[in-house]
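Visitor: Next come a sequence and a model predicted from it.
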Amino acid sequence: MWADRSSGGVIKVCDMEGRSLSTSTWRLAQDQTRDTQLITVDEKLDITTLTGVPDEHIKTRKVHIFVPARNAMQSGANNTKKWKMEFDNRERWENPLMGWASTADPLSNMVLTFSTKEDAIAFAEKNGFEFFDPVAWFENDHGNQ
């Protein structure tokens, strides 16, 4: 049995009996993209019962959707094109043993990153979180002036 790699990404494998198998990497990639097409559903789905987040965190939490400001040490626009979503902070206290800041809130330290504002809003709506969008707030209050 021997294998021959020719140009164009084609691999031919032959054995002694004279049978040959020709596989094109382009054809494999085309078949994979055909099999992995997404199915979209137009209706709004509520997945709050599936997430495992307690109801008290879903009903009483507000998330903040924003584009982070550029770092002072940063001259370019890298990492400023993504939208972030972070949860409001709950009670924190100082741990008496080590002096560390402690919290019983599992969501306060979580920051999610999205490529568009619409993706972040869709995620918040799908998970049942009330969200605050400062861009829309600013445009509504100051857009007519």
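Guide: Everything's here; your move.
Visitor: Buried residues of stretch 85-92, list them for me.
Guide: Met85, Glu86, Phe87 (16 or more other CB atoms under 10 Å). From N, CA and C alone the C-beta is placed, and that goes for glycine too.
Visitor: which residues make contact with it from outside it?
Guide: With CB atoms under 8 Å, 6 or more residues apart in numbering as the contact definition, stretch 85-92 has outside contacts at 61-65, 101-105, 107-108, 110-114, 120, 123-124, 131.
Visitor: strand partners of the host helix or strand of Lys84, parallel vs antiparallel please.
Guide: For Lys84, the element it lies in under DSSP states H and E is strand 83-87. Sheet pairing of strand 83-87 (DSSP bridges) gives strand 62-66 (antiparallel), strand 111-114 (antiparallel).
Visitor: Which of those strands has the lowest mean pLDDT?
Guide: With a mean of 89, strand 62-66 has the lowest mean pLDDT of these.
Visitor: Take it, keep the C-alpha atoms, and write them as CSV.
Guide: The C-alpha trace of strand 62-66 is given here as CSV (Å, rounded to 0.1, in the frame of the first residue of the first chain):
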residue,chain,number,x,y,z
LYS,A,62,-30.1,43.8,35.8
VAL,A,63,-27.3,43.4,33.3
HIS,A,64,-25.3,46.2,31.8
ILE,A,65,-24.5,46.1,28.0
PHE,A,66,-21.7,48.3,26.9
